[in-house]
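>>> here is my input, please return the structure:
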Amino acid sequence: MILTLRKLINLTIFNSSLFFILIIGIQNSENKGKVNFLNYETINLPISFIIGSSIIAGSMTGSLLSFISYKED
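Predicted coordinates:
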């Protein structure tokens, strides 16, 4: 239980630091785009933010799925 909690905390810290580095890195980004999802459309966001946040979300989702599927014996 303690090991799983430690891994979850490390995962959160790692992905949060990646997100903060992403935010700092896109300060002067000129290329902007919109994301279309079903009938909804976002505001103009920097393309690097869209790509970076989707990579971070995929990393968190994949790691959380591995925690769910992992069962201790």
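>>> what sits closest to residue 29 if chain neighbours are left out?
Nearest residue to residue 29, sequence neighbours excluded (CB to CB, 6 or more residues apart in numbering): residue 46, at 3.8 Å. (Each C-beta comes from the backbone N, C-alpha and C, glycine too.)
>>> so who does the residue nearest to the spatial centre of the chain touch?
The centre of the chain sits closest to residue 56, judged by CA atoms, centre = their mean, with a distance of 2.3 Å. Residues near residue 56 by CB atoms under 8 Å, 6 or more residues apart in numbering: 15, 18-19, 22.
>>> out of those, flag the one nearest to residue 68.
residue 15 (16.7 Å; CB to CB).
>>> that closest one contacts residue 61, correct?
No. Using CB atoms under 8 Å, residue 15 is not in contact with residue 61, being 10.4 Å away.
>>> for this structure, which segments count as helices?
2-25, 47-69 (DSSP state H).
>>> quick one: closest of those to residue 33.
helix 47-69 (5.0 Å).
>>> spit out the contact partners of the spatially closest residue to residue 23 that is not a sequence neighbour.
Sequence neighbours aside, residue 49 is the residue nearest to residue 23 in space, at 7.9 Å (criterion: CB to CB, 6+ apart). Residue 49 makes contact with 22-23, 26, 29, according to CB under 8 Å, 6+ apart.
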